[in-house]
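S.K.: okay, sequence plus prediction incoming.
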Amino acid sequence: MVTRKIVQIDESLCNGCGSCIPKCAEGALKIVNGKATIVKDVYCDGLGACIGHCPQGAITIIEREAEKFDDEAARSHVKSGEKSGNRAPVMQWPLKINLVPFKAPFYEEADLLIAADCAPVALQNFNSSLLPGKRIIIGCPKFEDARAYAQKLGEILKQNNVSSITVAHMEVPCCSGLKWAVDKAIEASGKQIPIKRYEITIRGEMNER
């Protein structure tokens, strides 16, 4: 054990959004019980690449007694995760907007991810970058009615205490209906709900909008 710089996560601030995870090249972070946590001290280099990507300001660098950072162990850890196909678990069923109930326990205090159903296929690291700590519902406004989406999502937001919303839509024009439906739903709910929007390109890139 040595005294060194290492990441510290304030669980009272962390909302489990997972934004920090893809920024940690050493794979030192994961979501456990809805909160980001260090997998093992040896995987954290203490440089804090994850800090600027935490929207809640929950990550800081402190000095404390910890195992020495092991670059070789971290690389092996990342490779083993890639081989095993580590994926964030889906935390409820069903997933489709047309099928989910209007009221359910999984909405309460949830960070809700509303995604185009093409997004998980187009974005290779969708599960690790967007899904951790969230409840997800998916839809396609091209083949289904965006107005019906807006009405249903509005009722869901009215009847449940949703903490935040993340929208992940494709860059193609037909997917703009999903953004529109979510905006209308929030407006209809009469609530002030924090929202983030991400656009997934057909080349598999993700941009915050």
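M.R.: Yep, that arrived. Numbers count the residues shown, from 1 in each chain.

S.K.: which parts of the one helix or strand residue 154 maps to are buried?
M.R.: Assigned by DSSP states H and E, residue 154 belongs to helix 146-159. Neighbour-count burial for helix 146-159 flags 146, 149, 150, 152, 153, 154, 156, 157 (criterion: 16 or more other C-beta atoms under 10 Å). (C-beta placed from N, C-alpha, C; glycine too.)

S.K.: elements contacting it?
M.R.: Here helix 146-159 touches helix 176-189, going by 3 or more C-beta pairs under 8 Å, 6 or more residues apart in numbering; DSSP states H and E.

S.K.: for the closest residue to residue 107 other than its chain neighbours, give me phi and psi.
M.R.: In space, residue 107 comes closest to residue 160 once its chain neighbours are excluded; the distance is 3.6 Å by C-beta to C-beta, 6 or more residues apart in numbering. Note on residue 160: its backbone torsions stand at phi -130, psi 160 [degrees, to the nearest 10].

S.K.: can I see the domain layout of the chain?
M.R.: Per automatic domain parsing, the domain ranges recorded for the chain read 2-84, 105-208.

S.K.: contacts for stretch 184-203?
M.R.: 55, 116, 118-119, 122-123, 130, 149-154, 156-158, 162-172, 179, 182, 206-209 (C-beta atoms under 8 Å, 6 or more residues apart in numbering).

S.K.: what residues of it count as buried?
M.R.: Quick answer for stretch 184-203 (16+ other C-beta under 10 Å): 184, 185, 186, 189, 196, 197, 198, 199, 200.

S.K.: quick one: end-to-end distance for that stretch.
M.R.: 29 Å (C-alpha to C-alpha, to the nearest Å).

S.K.: against residue 4, how distant is the residue nearest the centre of the chain?
M.R.: Taking C-alpha atoms, centre = their mean, the centroid of the chain lies closest to residue 130, which sits 3.1 Å from it. Distance, residue 130 to residue 4, by C-beta to C-beta, to the nearest Å: 32 Å.

S.K.: for residue 52, same thing?
M.R.: According to C-beta to C-beta, residue 52 and residue 4 sit 21 Å apart.

S.K.: can you give me phi and psi for residue 38?
M.R.: Torsion angles, degrees, to the nearest 10, at residue 38: phi -80, psi 130.

S.K.: wait, it touches residue 20, no?
M.R.: No. The criterion here is C-beta atoms under 8 Å, and residue 38 misses it with residue 20 at 10.8 Å.

S.K.: neighbour count winner among those two?
M.R.: Of the pair residue 38 and residue 20, residue 20 is the one with more neighbours under other C-beta atoms under 10 Å, namely 26 against 18.

S.K.: show the contacting residues for that one.
M.R.: 29, 36, 50, 51, 53, 54, 59.

S.K.: pull out the buried residues from the worst-scoring helix or strand of the chain on mean pLDDT.
M.R.: Scoring the helices and strands of the chain by mean pLDDT, DSSP states H and E places helix 71-84 at the bottom, with a mean of 76. Within helix 71-84, the residues that qualify as buried are 74, 77, 78, counting by 16+ other C-beta under 10 Å.

S.K.: that's all I had, so thanks and see you.
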